[in-house]
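Q: Here you go, sequence then predicted model.
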Amino acid sequence: MYVKSLKLKNYRNYKSGFLEFQQGKNIIIGENAQGKTNLLEAVEVLSTGKAARAADDKELVLWGENSASLDLLFENKGYEESLSFEWLLKEPARPGMSGRCQKSIKVNGVKQESIKSLLGRLITVSFSSNDMKILRDGPKYRRDWLDSMAMRLKPSFHDTVSNYNRSLLQRNKLLKTLSEKARLTVQDQDELYVWDKQLAKFGTLIIKRRLQLLSELLPIAERFQSALSRESEKLEIDYAFRAREETSEQSQDDIAEEGENSDSTLRSLDEIKAMEDLELAKMLLKLMKERRWLELRRKQSLVGPHRDNLIFKLNGAAADHFASQGQQRSIVLALKLAELKRVENEIGESPVLLLDDVLSELDEKRAALLLSCVSDKMQTIMSTTHLTAIEESWLDKARIMSVQQGRTSLHLNQV
Ligand SMILES: Nc1ncnc2c1ncn2[C@@H]1O[C@H](COP(=O)(O)OP(=O)(O)OP(=O)(O)O)[C@@H](O)[C@H]1O
Ligand SMILES: [Mg+2]
């Protein structure tokens with residue numbers, strides 16, 4: 001699978017642009033703030049339907065313009081396919097603007113209803129310095145990393161997550177309304193129970209999928225971590241059920257409010273892994289019931305995968321806390337390489353690898369491990385500010401393009 005060409009119009013800092021890529025190695029070179037990340041982001045948007053850096057799609061439209069578009073051609077198992085994305089605004093884009101952004105997506109020229117139809121077509125794995133957030137940022141970043149991988153492997157997981165998020169929104173709204181009442185009627189409780197069941201149903205599917213994916217990723221990541229540390233570091237990943245831990249964070253009053261047996265449904269991670277879907281859904285429902293008063297007081301849902309976390313450990317110690325900067329980089333590299341291998345195994349061919357200025361972040365040994373995982377068959381689009389960090393053997397085979405202030409051209413030595 002490889003990207004053949006990309007056309008940009010009013011996308012980020014690109015007024016207009018057209019790039020052709022080769023099947024193997026491609027390098028985008030440019031100084032800071034010229035548009036390297038924006039270019040890789042454009043490919044990722046057409047692969048995942050989402051710009052990871054942007055809080056809102058309106059950010060993608062060139063400031064001063066009302067619309068933006070991307071058109072991409074790629075080859076998949078010998079067939080050429082096209083993906084297009086268009087954004088329309090009511091008024092010219094500017095930083096931090098509000099208002100609606102109309103999106104339109106086409107696959108092979110045919111208009112699609114939802115971004116879901118982009119998933120599972122052009123499969124990418126990206127790696128940028130931003131990925132250090134997997135270790136350093138809040139739990140949401142870790143959950144999103146896992147969920148987005150799950151969606152790439154199985155596009156129908158997108159529906160599960162959307163259904164869960166919609167139910168969560170509705171349930172939180174209802175909790176807010178009910179929290180203002182002095183007493184809940186039977187009808188109120190029934191209404192809440194409808195959303196409890198939705199949350200438990202879709203929540204179970206999300207938790208199970210995450211646990212399954214983690215168990216597939218961990219042995220691969222463990223091997224990479226071990227190779228990077230001369231067999232001296234063992235990587236572990238734990239899935240933390242916040243609802244299970246909530247008890248230790250609550251005041252004694254809350255526990256009393258919830259009843260003395262509030263711990264009755266709490267199980268170990270291994271037990272949860274072994275649970276049937278129905279059993280896990282029942283456990284979530286029971287936890288929701290036990291946390292009900294606390295939820296009403298906080299006006300938010302406290303039980304479910306939206307609260308969970310991943311804990312990385314090196315030789316038994318929490319990595320975000322105890323690992324050195326270099327060890328943290330190794331962990332993220334091991335995780336990303338595990339992701340690459342897992343995606344490769346699943347689709348039975350090489351995904352497109354997007355490397356955004358990562359070589360400058362890695363020392364020689366780590367960079368060599370990364371490059372050794374990139375076969376000639378795998379299309380790689382790599383951005384960099386200078387070519388010196390890249391091995392000769394790579395440069396010889398690469399198509400090199402320059403970007404300057406949102407304009408692209410073939411690099412001087414390749415014209
Ligand atoms: N919607 C937009 N309209 C116009 N310019 C934008 C928009 N969004 C981002 N930019 C600008 O695009 C420029 C290039 O950003 P980008 O992140 O691609 O740079 P880069 O080449 O990756 O730089 P670095 O080497 O520092 O990472 C930035 O100056 C940014 O402010
Ligand atoms: Mg950048």
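A: Yes, it's here. Ligands and ions are numbered 1, 2, ... in the order given.

Q: Every contact and neighbour count from this point should use C-alpha atoms.
A: OK.

Q: Show me what the helix ranked longest in the chain is packed up against.
A: Looking across the chain with DSSP state H, the single longest helix is helix 186-228. Contact here means 3 or more Cα pairs under 8 Å, 6 or more residues apart in numbering; DSSP states H and E; on that basis helix 186-228 packs against helix 139-153, helix 157-179, strand 235-240, helix 277-298, helix 325-347.

Q: Distance of the residue of the stretch 201-350 of the chain found nearest ligand 1 relative to residue 366?
A: Nearest residue of the stretch 201-350 of the chain to ligand 1, counting by Cα to the nearest ligand atom: residue 329, 18.1 Å away. From residue 329 over to residue 366 the distance is 9 Å, taken as Cα to Cα, to the nearest Å.

Q: Which positions in this structure make contact with ligand 1?
A: Remark: the part of the chain in contact with ligand 1 comprises 12-13, 31-38, 59-63, using Cα under 6 Å from any ligand atom.

Q: And for residue 7, nearest residue in space, chain neighbours not counted?
A: Of all residues not flanking residue 7 in the chain, residue 18 sits nearest, at 4.4 Å (Cα to Cα, 6 or more residues apart in numbering).

Q: What pLDDT is listed against that neighbour?
A: Model confidence at residue 18, given as pLDDT, is 96.

Q: That one: how many residues sit nearby?
A: 16 (other Cα atoms under 10 Å).

Q: go on, residue 391?
A: A count of nearby residues for residue 391, using other Cα under 10 Å, gives 11.

Q: One more: residue 355?
A: Summarising burial for residue 355: neighbours were counted as other Cα under 10 Å, giving 20.

Q: Distance of it relative to ligand 1?
A: 11 Å (Cα to the nearest ligand atom, to the nearest Å).

Q: Looks to me like that residue is in a helix.
A: No: according to DSSP: H, G, I helix; E, B strand; the rest coil, the state of residue 355 is strand, so it is not within a helix.

Q: And this structure, what are its domain boundaries?
A: Structural domains annotated on the chain: 2-123+351-414, 139-314, as defined by automatic domain parsing.

Q: Where among those is average confidence lowest?
A: domain 139-314 has the lowest average pLDDT among those, namely a mean of 86.

Q: tell me how far the ends of it are from each other?
A: End-to-end distance for domain 139-314: 18 Å, by Cα to Cα.

Q: quick one: that domain to chain centroid distance?
A: In terms of Cα atoms, centre = their mean, to the nearest Å, the centre of domain 139-314 is found 18 Å from the chain centre.

Q: about what we covered before: reformat the helices and strands packed on helix 186-228 into JSON lines and put distance to residue 193 next to each item.
A: Below are those laid out as JSON lines (distance: least, Cα to Cα, whole Å):
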{"stretch": "helix 139-153", "distance to residue 193": "26"}
{"stretch": "helix 157-179", "distance to residue 193": "9"}
{"stretch": "strand 235-240", "distance to residue 193": "25"}
{"stretch": "helix 277-298", "distance to residue 193": "9"}
{"stretch": "helix 325-347", "distance to residue 193": "37"}
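
Q: one step back: now, of the residues of the chain next to ligand 1, which are buried?
A: Neighbour counting over these (16 or more other Cα atoms under 10 Å) leaves 12-13, 34-38, 59-63 as the buried ones.
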